[in-house]
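Visitor: pasting the structure only:
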């Protein structure tokens with residue numbers, strides 16, 4: 001268990017480093033005006049602003065978060081408890097986002113946040129679900145709303161995959177692969 005925890009912590013640290021690198025690269029590209037490398041390559045539109053990094057980040061997150069559900073299924077154990085899973089996901093996002101949102105809004109002076117509709121919308125990461133608020137607060141928070149939707153969906157998906165009938169491990173794998 002200790003080696004697995006160490007591997008999980010290392011994977012999580014690497015995921016965070018990738019996220020930080022994506023943010024740093026995006027700001028550098030925006031500040032320098034280098035939004036396109038201009039070399040005409042097939043990857044230029046994605047690599048110019050590191051847009052492919054978001055996809056890679058979500059793929060790594062999906063693998064790391066789904067792995068305990070699959071490991072429990074293969075070992076014939078009950079799935080991970082949803083309560084602690086949800087609490088860890090909440091703690092990973094909400095406190096840092098709330099601080100960043102508050103500081104950003106106070107510094108830039110964005111209007112509409114500290115209102116009766118703005119507080120639950122922006123602090124609840126619901127701005128991506130309304131056209132009138134999608135670019136408010138911290139614009140890049142759209143990725144957090146996608147991440148939260150994934151976090152909510154993952155235990156449901158894992159429970160549905162667990163209920164699929166499978167004769168053996170190969171059939172289970174095929175069912176999992178088909179679910180993707």
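Guide: Arrived safely, thanks for sending. If you're wondering where the values come from, they're calculated on a predicted model, not measured in any experiment. Residues are numbered from 1 along each chain as shown.

Visitor: how far does stretch 155-164 sit from the chain's center?
Guide: 20 Å (CA atoms, centre = their mean, to the nearest Å).

Visitor: Just the buried positions in it, please.
Guide: Neighbour-count burial for stretch 155-164 flags 155, 158, 161 (criterion: 16 or more other CB atoms under 10 Å). For every residue, glycine as well, the C-beta is placed using N, CA and C.

Visitor: and for that stretch, what are the contacting residues?
Guide: The contact list for stretch 155-164 (CB atoms under 8 Å, 6 or more residues apart in numbering) reads 66, 69-70, 73, 79, 82, 85, 172, 175-176, 179.

Visitor: which residues touch the spatially most central residue of the chain?
Guide: The centroid of the chain falls nearest to residue 147 when counting by CA atoms, centre = their mean (3.4 Å). Applying CB under 8 Å, 6+ apart, we find residue 147 in contact with 58, 61, 93.

Visitor: Quick check, pLDDT for it.
Guide: pLDDT for residue 147: 87.

Visitor: what about residue 56, how many neighbours?
Guide: 13 (other CB atoms under 10 Å).

Visitor: and if you look at residue 121?
Guide: Neighbours of residue 121 using other CB under 10 Å come to 21.

Visitor: still on that earlier bit, from the contacts of residue 147, list the buried ones, please.
Guide: Among the contacts of residue 147, those classed as buried by 16+ other CB under 10 Å are residue 61.

Visitor: Output the contacts of residue 147 in a markdown table, with distance to residue 166 appended to each entry.
Guide: Shown next, in a markdown table, are the contacts of residue 147 (distance: CB to CB, whole Å):
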| residue | distance to residue 166 |
| --- | --- |
| 58 | 27 |
| 61 | 26 |
| 93 | 34 |
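
Visitor: Lowest-confidence one in the contacts of residue 147?
Guide: residue 58 (82).

Visitor: For that one, list the residues it contacts.
Guide: Applying CB under 8 Å, 6+ apart to residue 58 gives the contacts 146-147, 150.

Visitor: likewise residue 132?
Guide: Contacts of residue 132 by CB under 8 Å, 6+ apart: none found.

Visitor: List phi and psi for the most far-flung residue of the chain relative to its centre.
Guide: When each C-alpha in the chain is compared with the mean C-alpha position (CA atoms, centre = their mean), residue 167 comes out farthest, at 33.4 Å. Here is the backbone geometry of residue 167 (degrees, to the nearest 10): phi -70, psi -40.
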